[in-house]
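Peer 1: Predicted coordinates and the sequence they were generated for:
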Number of protein chains: 2
Amino acid sequence: MLDTATAQPTTHPLLETHRATLEEAAQALRKRSYYSRYPESPSPRVYGENAPQDGQAAHETTLNKDYTALQDQPGTGESVGDEKSPYGPTLGVRYPQLAVDAAMEAALAAMPAWRDAGAEVRAAVCVEIIDRINQRSHEMAHAVMHTSGQPFVMSFQAGGPHAQDRALEAVVAALEEQRRIPSSVTWEKPAKGEPIRMQKDYRLVPRGVALVICSNTFPTWNAYPGIFASLATGNPVVVKPHPRAILPLALTVQIARETLAEAGFGQALVQLAPEGDGGTLAKDLALHPAVRIIDYTGGPGFGNWLETEAGAQGKLVYTEKAGLNTVVVDSTDDLQGMLGNLAFSFSLYSGQMCTAPQNVYVPANGVDTDQGHLSAEEFTARLGEAISRFNADDARAVEILGATVNDEVRARASDVPALAQSLGGAVALDSRPVIHPSYPDAVIRTPALISVDADNLGAYTQECFGPVAFVITTEGTADSLQRFAGTVREHGGMTAAVYSTDEETLDQAREAAADAGVALSENLTGQVFVNQTAAFSDLHGTGANPAANAAYSDAAFVANRFRVITSRRHV
Amino acid sequence: MLDTATAQPTTHPLLETHRATLEEAAQALRKRSYYSRYPESPSPRVYGENAPQDGQAAHETTLNKDYTALQDQPGTGESVGDEKSPYGPTLGVRYPQLAVDAAMEAALAAMPAWRDAGAEVRAAVCVEIIDRINQRSHEMAHAVMHTSGQPFVMSFQAGGPHAQDRALEAVVAALEEQRRIPSSVTWEKPAKGEPIRMQKDYRLVPRGVALVICSNTFPTWNAYPGIFASLATGNPVVVKPHPRAILPLALTVQIARETLAEAGFGQALVQLAPEGDGGTLAKDLALHPAVRIIDYTGGPGFGNWLETEAGAQGKLVYTEKAGLNTVVVDSTDDLQGMLGNLAFSFSLYSGQMCTAPQNVYVPANGVDTDQGHLSAEEFTARLGEAISRFNADDARAVEILGATVNDEVRARASDVPALAQSLGGAVALDSRPVIHPSYPDAVIRTPALISVDADNLGAYTQECFGPVAFVITTEGTADSLQRFAGTVREHGGMTAAVYSTDEETLDQAREAAADAGVALSENLTGQVFVNQTAAFSDLHGTGANPAANAAYSDAAFVANRFRVITSRRHV
C-alpha cells in the first residue's frame, strides 16, 4: 500500500538507468526540436555486425510453429493465427488465444502495484521496454515486412526506430502531464488568528484496462503511442492486433512482459489478444466493462462505431481513421525537386499509408515553374512521367513500393481504367505490376493517376486507399484552396501539401490548413516527404478534422488517461 | 491575417496590465498552494463603503423590465424569462431571445481574430472580464440569491469571488497548456553533408462554438470553468442558463461582451441563449452543427443524453451530474468538532449542493469518541441534535440554510416520514420549516436524517437532492469502506469524508477513495467543509466516477479545447 502521508517517490533501479534519457526526451518535446533516440539506419555499423543475419534468423525461427513465449497469458487452450505475408509466404505462427475475462482480471490485479510505483518509475520501465524492442529491430523489420507488405528498409524504420521514437514520445508526454501534479502540498489559508493549514496529497490513478486495436499496415507505429501512453499512466494494456499483422505485436508484447516481470511488476500489464480473420474480438473487447480506454487505427466504419458505442459507455476513445490527403499545386521554382518528391510520396509503400497524398489540385490555367509555364495537362503528364521514371527498374522499385495488403487494394490497382470509368475520370497514368526478384508471388503496383474534374466531387471525396491518386483540375489556386479546406473539414485529412512561389498564396494555404484542421507541408522538394512526420516535433494527426480525433502525442492524448485523487486533512 | 512566418506574439495593452496576475496564478496552479485573487468577504472594508447598497440598488434596477444590455445580440424579437426567486419575489426580467443560427454565424465570424490574437492576449482579456465581474460581486450576489435560493453570504462567495477564482484557474490552466507548444522552431536533422533544416510553425486553433449549459443552483460557479476554459482557448461561447437562473449569467455575458468590445474583439464571442421554463433549447443547441464543445452541470438524465448523443457527433462533452456523497464514521478524538462540522455541511444551502454529504456510514458496534463510546443509535441521535442546535434560531439559520429551489426538493423535505416509509427507513431527525424574517414566503427547511439498514441499497444508492441524508448502519468500518467504494464506483460521488483516529483505517479509506475515484476529506472538525473546494488547490470532481466526467480544472479539462496545426518548410 502506498503511504500517501509521506508520498515519497518510489525508488527503482531503472530510474537511474533512464533518468538522463527521460530528461533529454522531455526537453526535446518541450522544444519540439529534432530528437531521436533510436537510429533509423539498419546498417550493421549502427546495430552491430551480425544484427541483420541474427534478426533474420530469429524471425525465421518463429515461423510455422506455436508462439510459446505468450503461453503464460490466461488462455483458452486454443491457438489462432492465419497470417500470410503480402510478399507470398504463409507465416504459420500459432498464437495462444486469450481467455478474455481471466485476462481482464489478471490485468486489474496487476494494476495497483503499477499505479503505486508512480509516474517516474513507470516511465523508466517503459523506456527499458522500448530499448529492448529496439535491440530486436531487425527481427521486427521482418515481422513488419511480412505482415504489412512494407519494403524492408521502410519496415525497419517505420516499424522499428520511428515507432520506438513515437513510443518514447508518448511516455514523456505522459510523464510531463503527471509531473504537473505535486504529490503533496501544505495549503495555508490566511484567517483571523492562526491560518488554516491543510496537507493535501494528490494521487494519480489509472482508468482501467486500455485496449489498443492495431492496423494491418502499421502494426507497431500506430499502436505504440496508445500502448505506451496508457501504460505510462498506470493502465494495463490489452493489445488486439489486426488478424493479418499479429507477429510484430506478439514480439512487442513478449518483450514488454519480460521486462515488466524483471522489473518486479505483473506481466498481465501487457497482454496480446490475437484472433484469426473474420472474428469479432475487437468489438467484444471494446464493450468489455473492464476496458476504459480504447486506441484505434483503421477504417472509419469501425472507428465511428467505437466513438459512438464505446464512447456512450463513458470509455475514452482515440481514433485514427482516414481522410483526403491533399496537394495544392500553384507554382514552383524547382519543378524537378517537386516532381521527384511527389513521386516518392505516391510510391512509398504503394500509397498504402494513411498519410499518402491522394488529391492533387491543379489550376486549369496551369502551373508556373522554373522550366516555364505548364498547362494543367502538361503538368499532369510530367507528374506521371516522374512517377514512371522513379519506378522504372523493378529491382529498385521494390525497395520503395509495397506489396498490396488486401484484395480491395489489389482490385483497385489492377484495373485502373475500370476504376476511372466508374468514377467518371480519365486514366492519366496507369498502374504497372512490378515483379519482386525474391517474392514473385507478391502483387506490387506502381501508383496510378486519374484525372477528374473539380465538379466530380463523388470521385475524390472518399478515401481511395492504395496506389491511386487523383489530379483535380480547378478554376485556379483560390478554388483549389477552398476545395481543400472544405473537403478536409467535411471528410478529414491526415496530411496536406502546397507548392507555391508566392508568399501570399502560402499565407492563404496556411489559413486554409488552419480552417481545415490539418498540418501543412510547404514546397517539399528534398528528402522530407508529406507522408512522414518526425516524433517529438511533428504531430501526427490533429484531432481537428474527421480523419482522427487525437494527435500523437499532445497533452490531450495523454492527460485524460489518468485521474487525480486528492486526500486532505488539517495539520 | 496572422503572419505565421514570423509568429510574433500579438501585443495588446491588457497584456501588460495582467501579466503579473497571470504569472502568479500560473505559479499557484503548478504548486496547488493557497491562492485567491478575489476576496471572499463581502465587507465594505474590502469592496468599498457603498458596495453593498450600490449592488443592491443595481440589482433592483434590473427587475421587472427588459434586459436591454443584450439587445445587440442576434435576436428573434421575442422576449423570454419567468424567473421567480426561491425567496418569493418574481424577478420580472425579460431577456431578448437569441436567434440561434444568426448567433452561431456571428460567433464563427468573431472567432478568427480571437484565434489569431494568441493565447497570451486571450488570457489577459479573460482576466479583465473576470476583474470586472468581481467589481459587481454585490449585484451578482443578489442575482444568485434570487435565482438559486442560496443565502446571501453564500451567494456572494460561491456566486462571486469563489466562482471568479475558478474562472481564473481555468484561464491559467488553459494558458499553461497552450504555452507548452512553441510558436515556431527550427528543426535540424543530421544528414550526410548538410543537415536537413526546416522551420516549423505551430498554430493553436479553436474547435468551434462552445456551449455552456448552466444549473439552477450554482449558475455562475459551475458555469465559469467551462466558459473561461473555452474562451481562453479561442472558442466563442454560447451560454445557456437554466430557465430559473438567467440573471447571473445575463450579467456575466453583458460584462464579457462589453470587455471584449473595448478590447477590440467581437462581442459575439460570448452570447446568452435564455429561455423560459419547459423549452428544448439546450437540446437544440447541443445538436447544432456549429457547437463543438459542451459543458454541462445538472441532472444525470440530460447529462447522460449529452454524453451519448452529442458525443456521438464528435462533440467534446464535459459533464458534472450527481452522485452519492459519503461520510464514513469510524472514530474521532473531537466529537464536538466533528458534529459541528457535519451539521454545517448538511445545513449549508439546505443540502442543495452537488457536494453535500448524503450517505453517512456508521458501524453497528458504535463509534469511539473523546466523549466515550457511542452506540450507532447514540451517534445518530447526537448528530441529529447537533443539526437541530445548529439551526435552532430561525433568524440565524437562514444565513446558512437555503430556500428550496424546486417542487421536488420541497416535496421531499416537507414530508420526511412519508419519504422514510417509502424507502423502508426510519426518521432519525425530521426536517423543520424555517421562517425567513425578510422572505416569509420562502420554503426553507432544516436537514433531516433517515436511518436505513446497509442492506437496503435501494434507499441510499440514488441521489436524494436537498436536505435529507441517510445514516446507514454497517457491519463495521471495513464494511463501510467497501460499501463506500462500491456505491461510488457504480453511482458516482463528488465528495467523500472519513472520521477516524486510526492511521491504518485512514490508509484504508485513502485506498477506498482511490478505488472509488473520489476526493477524500479526513477528520474535518474546523472551518473547512467536505462540500467546499478551493480553486488552484482542490480539484472539483475527479472524472474518475460516474458523477462527473471531468474535473475543475486539470489539464484534461482544457487541453482538448484547442488543437495544434503545424506548417513546415525547408530553410
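Peer 2: Alright, I've got the coordinates.
Peer 1: I'd guess residue A:169 is in a helix, am I close?
Peer 2: Yes. Under DSSP: H, G, I helix; E, B strand; the rest coil, residue A:169 falls within a helix.
Peer 1: Give me the spatial nearest neighbour of it, chain neighbours excluded.
Peer 2: Nearest in space to residue A:169, with sequence neighbours left out and distances taken as Cβ to Cβ, 6 or more residues apart in numbering or on different chains, is residue A:535 at 4.6 Å. For glycine as for every other residue, the C-beta is placed from the backbone atoms N, C-alpha and C.
Peer 1: Contacts only, for the one you found.
Peer 2: Going by Cβ atoms under 8 Å, 6 or more residues apart in numbering or on different chains, residue A:535 touches A:35-36, A:162, A:165-166, A:168-169, A:552.
Peer 1: Filter these down to the buried ones and hand me the PyMOL line.
Peer 2: Per 16 or more other Cβ atoms under 10 Å in any protein chain shown, the buried members of these correspond to this PyMOL selection:
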select buried, chain A and resi 35+36+162+165+166+168+169+552
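Peer 1: any idea which of the contacts of residue A:535 is closest to chain B?
Peer 2: Relative to chain B, the closest of these is residue A:36; by Cβ to the nearest Cβ it sits at 8.1 Å.
Peer 1: From residue A:49, how far out is the closest one?
Peer 2: Using Cβ to Cβ, to the nearest Å, residue A:36 is found at 22 Å from residue A:49.
Peer 1: One more: residue A:345?
Peer 2: Residue A:345 is 34 Å from residue A:49, by Cβ to Cβ.
Peer 1: what's the neighbour count on the nearest residue to residue A:90 once chain neighbours are set aside?
Peer 2: The shortest distance from residue A:90 to any non-neighbouring residue, by Cβ to Cβ, 6+ apart, is to residue A:84 (5.0 Å). When neighbours are defined as other Cβ atoms under 10 Å in any protein chain shown, residue A:84 has 14 of them.
Peer 1: what does the one 10 residues further on give?
Peer 2: For residue A:94, the count of nearby residues is 17 (other Cβ under 10 Å).
Peer 1: What residues sit buried inside stretch A:294-314?
Peer 2: Under 16+ other Cβ under 10 Å, the buried positions of stretch A:294-314 are A:294-298, A:300, A:302-311, A:314.
Peer 1: same check, this time on stretch A:63-71
Peer 2: Residues of stretch A:63-71 classed as buried: A:63, A:67, A:69-70 (neighbour count, 16+ other Cβ under 10 Å).
Peer 1: Tabulate those (TSV), appending secondary structure, distance to chain B and pLDDT.
Peer 2: Compiled in TSV, the buried residues of stretch A:63-71 are given as follows (DSSP: H, G, I helix; E, B strand; the rest coil; distance: Cβ to the nearest Cβ, whole Å; pLDDT from 0 to 100):
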residue	secondary structure	distance to chain B	pLDDT
A:63	coil	36	98
A:67	coil	35	98
A:69	helix	33	97
A:70	helix	30	97
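Peer 1: any idea how far residue A:464 lies from residue A:452?
Peer 2: From residue A:464 to residue A:452 the distance is 11 Å (Cβ to Cβ).
Peer 1: so where do the helices sit in the stretch 151-300 of chain A?
Peer 2: Along the stretch 151-300 of chain A, the segments classed as helices by DSSP state H, counting those that start in this stretch run A:152-159, A:161-179, A:224-232, A:247-262, A:281-287, A:300-305.
Peer 1: most neighbours per residue, which of the ones you listed?
Peer 2: Among the helices of the stretch 151-300 of chain A, ranked by average contacts under mean count of other Cβ atoms under 10 Å in any protein chain shown, first place goes to helix A:224-232 (a mean of 30).
Peer 1: just to revisit the earlier point, tell me the pLDDT at the residue nearest to residue A:169?
Peer 2: On pLDDT, residue A:535 comes in at 97.
Peer 1: Same question for residue A:10.
Peer 2: If you check residue A:10, the pLDDT there is 69.
Peer 1: May I ask you to confirm that residue A:441 is in contact with residue A:87?
Peer 2: Yes. The criterion here is Cβ atoms under 8 Å, and residue A:441 meets it with residue A:87 at 7.4 Å.
Peer 1: Can you tell me the element the residue nearest to residue A:78 when sequence neighbours are not counted falls in?
Peer 2: Leaving aside its chain neighbours, residue A:78 sits nearest to residue A:97 (4.3 Å; criterion: Cβ to Cβ, 6+ apart). Following DSSP states H and E, one finds residue A:97 within strand A:95-98.
Peer 1: for the helix or strand following that strand, which positions count as buried?
Peer 2: Toward the C-terminus, strand A:95-98 is succeeded by helix A:100-117 as the next helix or strand (DSSP H and E). Across helix A:100-117, burial judged by 16+ other Cβ under 10 Å covers A:100, A:103-104, A:106-107, A:110-112, A:114-117.
Peer 1: Other residues contacting helix A:100-117?
Peer 2: Contacting residues not belonging to helix A:100-117 are listed as A:1-2, A:10, A:12, A:73-74, A:122, A:125, A:204-206, A:208-209, A:234-238, A:265-269, A:271, A:273, A:284-285, A:288, A:290-291, B:514 [Cβ under 8 Å, 6+ apart].
Peer 1: ok, back up a step: which one of residue A:441 and residue A:87 has more residues nearby?
Peer 2: residue A:87 (23 against 12).
Peer 1: Output the below-cut-off pLDDT ranges for chain A.
Peer 2: Where chain A drops to pLDDT under 70, the residues are A:1-10.
Peer 1: repeat that for 50
Peer 2: The model of chain A has pLDDT under 50 over residues A:1-8.
Peer 1: residue closest to the middle of it?
Peer 2: residue A:222 (2.5 Å; Cα atoms, centre = their mean).
Peer 1: Pull the contacting residues for it.
Peer 2: Counting by Cβ under 8 Å, 6+ apart, residue A:222 makes contact with A:214-215, A:297, A:320, A:354.
Peer 1: likewise residue A:75?
Peer 2: Listed by Cβ under 8 Å, 6+ apart, the contact set of residue A:75 reads A:96-99.
Peer 1: what about the strands in the stretch 301-450 of chain A?
Peer 2: Along the stretch 301-450 of chain A, the segments classed as strands by DSSP state E, counting those that start in this stretch run A:316-320, A:326-329, A:359-363, A:367-369, A:372-374, A:426-429, A:433-434, A:444-445, A:448-453.
Peer 1: pretty sure residue A:316 contacts residue A:562?
Peer 2: No. Contact criterion Cβ under 8 Å: residue A:316 and residue A:562 do not qualify, at 10.9 Å.
Peer 1: So these two - more neighbours on which side?
Peer 2: For residue A:316 versus residue A:562, the count of surrounding residues by other Cβ under 10 Å is larger for residue A:562: 28 against 20.
Peer 1: For burial, what's the neighbour tally of the spatially closest residue to that one that is not a sequence neighbour?
Peer 2: Nearest residue to residue A:562 in three dimensions, chain neighbours excluded: residue A:233, at 4.0 Å (Cβ to Cβ, 6+ apart). Residues near residue A:233, counting by other Cβ under 10 Å, number 30.
Peer 1: so who does residue A:233 touch?
Peer 2: The contact partners of residue A:233, by Cβ under 8 Å, 6+ apart, come to A:119, A:122, A:174, A:178, A:204, A:206, A:558, A:561-562.
Peer 1: could I have the top strand by length along chain A exported to PDB, CA atoms only?
Peer 2: Criterion DSSP state E: the longest strand present in chain A is strand A:196-206. Taking Å, rounded to 0.1, in the frame of the first residue of the first chain, the C-alpha atoms of strand A:196-206 are listed here in PDB:
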ATOM      1  CA  ILE A 196      -5.900  27.300   8.300                       C
ATOM      2  CA  ARG A 197      -3.300  24.700   7.400                       C
ATOM      3  CA  MET A 198      -4.000  21.500   5.500                       C
ATOM      4  CA  GLN A 199      -1.900  18.800   4.000                       C
ATOM      5  CA  LYS A 200      -3.200  17.700   0.600                       C
ATOM      6  CA  ASP A 201      -1.900  14.600  -1.100                       C
ATOM      7  CA  TYR A 202      -2.500  14.100  -4.800                       C
ATOM      8  CA  ARG A 203      -2.600  10.500  -6.000                       C
ATOM      9  CA  LEU A 204      -2.500   9.600  -9.700                       C
ATOM     10  CA  VAL A 205      -4.800   6.800 -10.600                       C
ATOM     11  CA  PRO A 206      -5.300   4.900 -13.900                       C
END
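Peer 1: Cool, thanks, talk later.
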